[in-house]
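Trainee: compute the structure for the input listed below.
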Amino acid sequence: DIHYHSTSYILEVYQAFLHAAEISLGYRLLNFEIEAVSVYLGSIGYYVGNYYHFLRWYYTPEDEGHNFSWFLNVRRYFTKDNYVALGYGQGSRPFEIITIEDVFVRKSWIFFAEWDWYFLNNIHLKIQFTHRSEKNGPTRNAIFVATGYRW
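Mentor: Numbering: from 1, shown residues only. I've put the predicted structure just below:
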């Protein structure tokens, strides 16, 4: 069985500093039928020319020990809205907890690629590819495509 959370809440606060850096700290609560899961998260990033580098971390406390994951992402901006990105991460949790089964992952790594672009100023297209592998578990490949219109 796959069990999705019934509700999810997130609060994250960002602060810029040193003219090209930013830091964030946050908390996410996911309410599953069998338990609630807390995730503490944060990031630190720095702009260098047209590139944005950031490190994101996730910490989920539980009785069995510490569950820490990290993710490093590099974006190359072509305009203020259009970019391509590559990322890599490792940890004891998947990087996006969606199902209760994700909560029980102990060791995993992820590769990420993204293309995020606006056409004619208002038409948005985002394409993401992720490759995730769990130690002694499944390998997951996912493609996400989204489009929209901004006014």
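
Trainee: wait, residue 45 touches residue 72, no?
Mentor: No. Taking contacts as CB atoms under 8 Å, residue 45 lies outside contact range of residue 72: 10.4 Å. Every C-beta, even on glycine, is put in place using the N, C-alpha and C of the backbone.

Trainee: who has more neighbours, these two?
Mentor: residue 45 (18 against 14; other CB atoms under 10 Å).

Trainee: tell me, what's the model's pLDDT at the more buried one?
Mentor: Looking at residue 45, its pLDDT is 97.

Trainee: mind checking how far it is from residue 21?
Mentor: As for residue 45, its distance to residue 21 is 7 Å (criterion: CB to CB, to the nearest Å).

Trainee: and for residue 125?
Mentor: 29 Å.

Trainee: next one: residue 14
Mentor: With CB to CB as the criterion, residue 14 and residue 21 are 11 Å apart.

Trainee: do the same with residue 111
Mentor: 25 Å.

Trainee: what do you get for residue 52?
Mentor: In this view, residue 52 and residue 21 are 10 Å apart by CB to CB.

Trainee: which residues are common contacts for the two?
Mentor: Common contacts of residue 52 and residue 21 (CB atoms under 8 Å, 6 or more residues apart in numbering): 45, 46.

Trainee: so for those two, which residue has more residues nearby?
Mentor: A direct count of neighbours by other CB under 10 Å for residue 52 and residue 21 places residue 52 higher, at 18 against 13.

Trainee: which pLDDT value belongs to the residue lying farthest from the centre of the chain?
Mentor: In terms of distance from the mean C-alpha position of the chain, residue 120 ranks first, at 27.9 Å (CA atoms, centre = their mean). You'll see residue 120 listed with a pLDDT of 91.
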